[in-house]
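1. Build the 3D model from these lines:
(one chain, ligands or ions: 1)
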Amino acid sequence: MAEENNKAYTGDSIQVLEGLEAVRKRPAMYIGDVGERGLHHLVYEVVDNSIDEALAGYCSNVEVTIHEDNSITVVDNGRGIPVDWHKKENKSALEVVMTVLHAGGKFDKSSYKVSGGLHGVGVSCVNALSTKCVVTVCRDGKKYRQEYTCGKPVTAVEEIGTADKTGTEVAFWPDGSIFTTTEYQFYILENRLRELAYLNKGVRLQLTDLRSIDENGNAKSVSFYSEEGLKQFATYLDESREALFGDVMYIDTEKNGIPVEIALRYNTSYTENVHSYVNNINTIEGGTHLEGFRRGLTRSLKKYADGLGVLEKQKIEISGDDFREGLTAVVSVKVQEPLFEGQTKTKLGNSEVSSAVDQAVSEMLGYYLEEHPKEAKTIVDKVLLAARARIAARKARDVQRKNAMSGGGLPGKLADCSDRNPEKCELFLVEGDSAGGSAKQGRDRHTQAILPLRGKILNVEKAMLHRIYESDEISNIMKALGITIGTDEDSKAVNIDKIRYHKIIIMCDADVDGSHIETLVMTLFFRYMKEVIEKGYLYVACPPLYLVKSQRKKDLQRYCWTEEQRIAAIEEFSNGENDKSIVVTRYKGLGEMNPEQLWETTMCPENRMLRQVTIENSVAADAAIAMLMGDEVPPRRQFIEENAKFANIDA
Ligand code: 0RA
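-> Sure, this is the predicted structure:
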């Protein structure tokens with residue numbers, strides 16, 4: 001093995017760890033799951049390898065193409081996978097990389113800087129889970145090719161021509177007998193490639209979808225490139241928020257041998273919006289890098305405010321939270337041997353990273369605050385405001401607690417279920433008292449509880465914390481759930497282990513108001529009880545849109561959720577006869593169904609359709625909520641216009 005990074009990387013340097021059969025046998029162990037997420041993961045895996053080449057300084061361009069048959073090609077202009085002979089394995093290095101798990105060259109520290117980690121299972125995994133895979137390598141003036149089926153080579157590594165450039169092309173066809181879906185979603189890949197472009201400044205990432213061609217014959221295509229990295233990322237994240245001041249604070253440095261890049265800015269909102277990454281992986285559970293960031297931020301700002309003497313003068317005890325209200329930040333570190341902990345393996349455990357990030361953020365703030373006294377004062381004022389609001393919220397919370405204790409705990413409007421096992425229990429949050437009444441009559445009272453909501457709940461995106469405690473509707477939801485927000489130590493802490501239901505189902509009318517209420521409730525969970533979503537407890541009910549009935553045969557009727565189902569039912573019922581003896585009812589509100597119908601179509605676990613609320617990409621989710629629920633109108637209008645055709649609403 002080469003001892004230094006700049007030594008030639010030969011086939012022998014690739015270490016061989018374990019075989020590929022295991023991947024096909026237990027795919028979920030390697031890529032997380034075999035649904036939509038796992039399918040897209042295959043693309044990330046290949047792109048990660050290209051990004052590794054970029055991090056090593058040899059690649060500037062990555063092109064991803066979705067083909068008409070949902071196969072994928074990833075082309076990069078890196079050095080190309082080595083093709084020389086691997087003595088130990090007795091085959092070409094290319095074949096080793098493609099057919100041996102963990103053989104990407106990543107498992108030897110000295111080869112080059114690496115991404116990997118969570119996704120770092122290697123391209124061989126992608127190969128194993130594809131019915132067909134073709135790799136083309138341009139290297140040393142020649143072009144090489146090898147083809148595989150389900151991870152097994154079906155050709156030798158063949159020299160197929162000459163090349164005046166270098167690079168790798170991986171084409172793969174995901175195995176439909178392994179994945180539950182093989183259809184790629186443009187927006188999912190688009191979001192990830194945009195994120196990667198911001199995280200790796202100077203690398204161009206392009207996505208082309210050959211399944212959608214416009215009237216001029218051009219394929220749908222996006223290209224991402226960021227000159228300034230996280231500095232532009234923070235601006236993008238705050239696109240639909242009002243900046244407290246224009247500047248983005250930014251540092252790109254190396255501390256104790258750990259590359260650290262940080263960007264932060266303040267906006268006028270009340271939410272904290274910090275995204276952290278390790279080796280390009282979004283660490284949603286945080287970890288030592290985030291701890292270091294918070295510690296450095298709190299200490300630096302506190303020191304500055306102390307210097308001004310305002311804390312002493314105003315007699316206010318500041319807490320860490322106060323420094324993060326209205327803060328948007330991105331922290332990205334590259335760690336050689338990351339330790340990932342936590343439930344979803346997205347919490348960084350390496351203790352040495354904490355002080356590296358602390359030093360970096362302190363250095364950055366030290367310079368900025370010193371050189372920008374006006375902006376620094378604006379931040380300090382905002383922090384004082386946050387501290388006062390937190391103290392007001394604590395009082396409101398205490399009042400709410402006292403009321404809860406004297407009132408027995410559960411809200412009067414709740415029709416609770418009799419079972420006490422949270423795993424079996426469901427809470428329906430229902431739009432309006434009348435639908436709430438039907439739901440109470442129609443439900444299974446052992447396991448289903450009903451809480452009617454009176455119209456639009458508070459938009460928490462625009463409200464300060466104390467207003468959340470003061471809102472009746474929100475405190476009813478919290479009381480029903482058995483959850484409290486905030487302790488004296490941490491104003492946002494949530495005692496999720498006390499939750500009384502493992503399914504919380506939002507049930508609203510299929511109209512504009514219903515969609516709005518649905519979004520308000522989801523925003524409450526996303527901003528204040530994210531764990532409920534992360535644990536998979538939050539759902540949206542899907543009432544049917546039509547009832548198709550035959551007038552001749554009274555028992556012939558069908559509920560329909562889509563246009564296709566409606567047409568199919570009419571066709572089936574008419575059976576070659578006259579279209580007039582069939583009646584189609586268009587449901588708009590839950591209230592148009594009687595309790596029995598509501599049970600049958602929307603609540604009964606055997607028939608109903610539920611949409612689980614998930615967070616695929618925390619950056620995209622945050623941006624969507626800030627845009628939909630925030631102050632800036634133009635981006636919202638644009639979004640609604642662009643997405644109106646997808647929404648299942650009757651305006
Ligand atoms: C092993 C070693 C080297 C590069 C790669 C793998 C590599 C893999 C992929 C997958 C997609 N694009 C890729 N580009 C490179 C090091 C090569 C050297 O030292 O010349």
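2. where does the stretch 151-300 of the chain come near the ligand, residue by residue?
-> By the rule Cβ under 6 Å from any ligand atom, the part of the stretch 151-300 of the chain lying against the ligand is 168, 170. C-beta here means a position set from N, CA and C on the backbone, and glycine is covered the same way.
3. Would you enumerate the residues in contact with Thr168?
-> Going by Cβ atoms under 8 Å, 6 or more residues apart in numbering, Thr168 touches 49-50, 75-76, 78, 80-81, 135-138.
4. what's the closest of those to Lys374?
-> Nearest to Lys374 among the contacts of Thr168, counting by Cβ to Cβ, is Ser50 at 43.7 Å.
5. For Gly591, report the pLDDT, please.
-> At Gly591, the model reports a pLDDT of 86.
6. That one touches Asp433, doesn't it?
-> No. The criterion here is Cβ atoms under 8 Å, and Gly591 misses it with Asp433 at 9.7 Å.
7. Settle it for me: which of the two has more neighbours?
-> Neighbour count, other Cβ atoms under 10 Å: between Gly591 and Asp433, Gly591 has more, with 17 against 13.
8. for that one, what are its contacts?
-> 432, 434-435, 438, 509.
9. Flag every residue of this protein that's near the ligand.
-> 9, 46, 49-50, 53, 76, 78-79, 81-82, 97, 104-105, 123, 168, 170.
10. hmm, 5 Å instead?
-> Neighbours of the ligand within the chain, by Cβ under 5 Å from any ligand atom: 9, 49-50, 53, 76, 78-79, 81, 105, 168.
11. Filter the contacts of Gly591 down to the buried ones.
-> Buried by 16 or more other Cβ atoms under 10 Å: 432, 435, 438, 509, out of those.
12. between those, which is nearest the ligand?
-> Set against the ligand, the nearest of the buried ones among the contacts of Gly591 by Cβ to the nearest ligand atom is Asp509 (49.3 Å).
13. low-confidence ranges in this structure?
-> 1-18, 103-121, 404-408, 576-578, 580, 643-651 (pLDDT under 70).
14. Could you rerun that using 80?
-> Applying pLDDT under 80 to the chain flags residues 1-19, 102-121, 400-408, 488-491, 553-555, 575-578, 580, 631-635, 637-651.
15. following the lengthiest helix in it, which helix or strand shows up next?
-> Looking across the chain with DSSP state H, the single longest helix is helix 373-406. Next in sequence after helix 373-406, counting helices and strands by DSSP states H and E, comes strand 426-431.
16. For that next one, give me every contacting residue.
-> Contacts of strand 426-431 with the rest of the structure, by Cβ under 8 Å, 6+ apart, involve 417, 436, 439, 443, 447-453, 455, 477, 480-481, 500-509, 513-514, 517, 521, 541, 590, 603.
17. Now do the contacts for Pro635.
-> Residues in contact with Pro635 (Cβ under 8 Å, 6+ apart) are 239-240, 627.
18. Compare these and tell me which is most surrounded.
-> The residue in these with the most neighbours, by other Cβ under 10 Å, is Ser240 (22 neighbours).
19. Which helix or strand contains it?
-> Under the criterion DSSP H and E, no helix or strand holds Ser240.
20. so it touches Gln638, yeah?
-> No. The criterion here is Cβ under 8 Å, and Ser240 misses it with Gln638 at 10.2 Å.
21. circling back to that earlier point, which ones among the residues of the chain next to the ligand lie within strands?
-> Among the residues of the chain next to the ligand, the members found in strands (DSSP state E) are 76, 168.
22. could you flag which of the residues of the chain next to the ligand are buried?
-> For the residues of the chain next to the ligand, a burial check counting by 16+ other Cβ under 10 Å picks out 9, 49-50, 53, 76, 78-79, 81, 105, 168.
23. So which residues of the stretch 501-650 of the chain form helices?
-> Ranges of helices within the stretch 501-650 of the chain are 512-528, 530-534, 563-574, 595-598, 618-629, 633-643, based on DSSP state H, counting those that start in this stretch.
24. so what secondary structure elements neighbour the third one?
-> The reference is to helix 563-574. Using 3 or more Cβ pairs under 8 Å, 6 or more residues apart in numbering; DSSP states H and E, the elements in contact with helix 563-574 are strand 546-550, strand 557-560, strand 582-586.
25. contacts for it?
-> Helix 563-574 is contacted by residues 545-546, 548, 550, 556, 558, 560, 579, 581-582, 584 when judged by Cβ under 8 Å, 6+ apart.
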